[in-house]
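K.L.:
Pasting the sequence and the predicted model now:
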Amino acid sequence: MELRQLRYFVAVAEEAHLTRAAERLGLRSPSLSQQIRALERELDAALFDRTAAGMELTPAGAALLPEARAALAAAERG
C-alpha cells in the first residue's frame with residue numbers, strides 16, 4: 001500500500017464520486033479506478049460499493065478512512 005493510493009482512496013471517499021475525485025486529483029477516471037481496485041485487491045476487501053449515483057463506502061472502507069487520514073497526516077508532519 002502506498003501513500004498515493006491512500007490519498008486517492010480518501011479523495012474518492014470524500015467526493016463519493018469517481019469522476020469528481022479524479023478531477024480533484026488531476027487524474028483520469030480510468031487511472032483512478034485502477035488504483036482503487038489495486039488497493040482493494042491488496043487489502044482483499046471491497047472499499048466501495050459502486051452505484052449509478054457514485055461510490056459509497058463499504059464497512060471496510062469506512063473502517064479504513066480514519067486510518068488513511070491519520071497516515072496521510074503523519075506523512076505530512078514527517
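P.N.:
Right, received. Where do you want to start? All of these numbers come straight from a predicted model, not from anything done at the bench. Residues are numbered from 1 along each chain as shown.

K.L.:
Now for the spatially most central residue of the chain: which residues touch it?
P.N.:
Ranked by distance to the mean C-alpha position of the chain (Cα atoms, centre = their mean), the top residue is Phe9 at 1.2 Å. Each residue near Phe9 by Cβ atoms under 8 Å, 6 or more residues apart in numbering is listed here: Ile36, Leu39, Leu47, Gly61, Leu64, Leu65, Ala68. All C-beta atoms are positioned from the backbone trio N, CA, C, and that covers glycine.

K.L.:
Surely it is within a helix?
P.N.:
Yes. Assessed by DSSP: H, G, I helix; E, B strand; the rest coil, Phe9 belongs to a helix.

K.L.:
Rebuild the contacts of Phe9 as a markdown table, extending it with secondary structure.
P.N.:
Converted to a markdown table, those look like this (three-state DSSP):
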| residue | secondary structure |
| --- | --- |
| Ile36 | helix |
| Leu39 | helix |
| Leu47 | coil |
| Gly61 | helix |
| Leu64 | helix |
| Leu65 | helix |
| Ala68 | helix |
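
K.L.:
Mind pulling the model confidence for the residue nearest to the centre of the chain?
P.N.:
At Phe9, the model reports a pLDDT of 97.

K.L.:
Then Ala53?
P.N.:
pLDDT at Ala53 comes out at 87.

K.L.:
got the contact list for Glu42?
P.N.:
Applying Cβ under 8 Å, 6+ apart to Glu42 gives the contacts Met1.

K.L.:
That one and Ser31, how far apart?
P.N.:
If you measure Glu42 against Ser31 using Cβ to Cβ, to the nearest Å, the figure is 17 Å.

K.L.:
if we can go back for a sec, neighbour count added to the contacts of Phe9, as TSV?
P.N.:
As requested, those are exported to TSV (neighbours: other Cβ atoms under 10 Å):
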residue	neighbour count
Ile36	23
Leu39	21
Leu47	23
Gly61	22
Leu64	22
Leu65	17
Ala68	22
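
K.L.:
Which of the residues you listed sits closest to Glu14?
P.N.:
Closest approach to Glu14 among the contacts of Phe9 (Cβ to Cβ): Leu65, at 8.9 Å.
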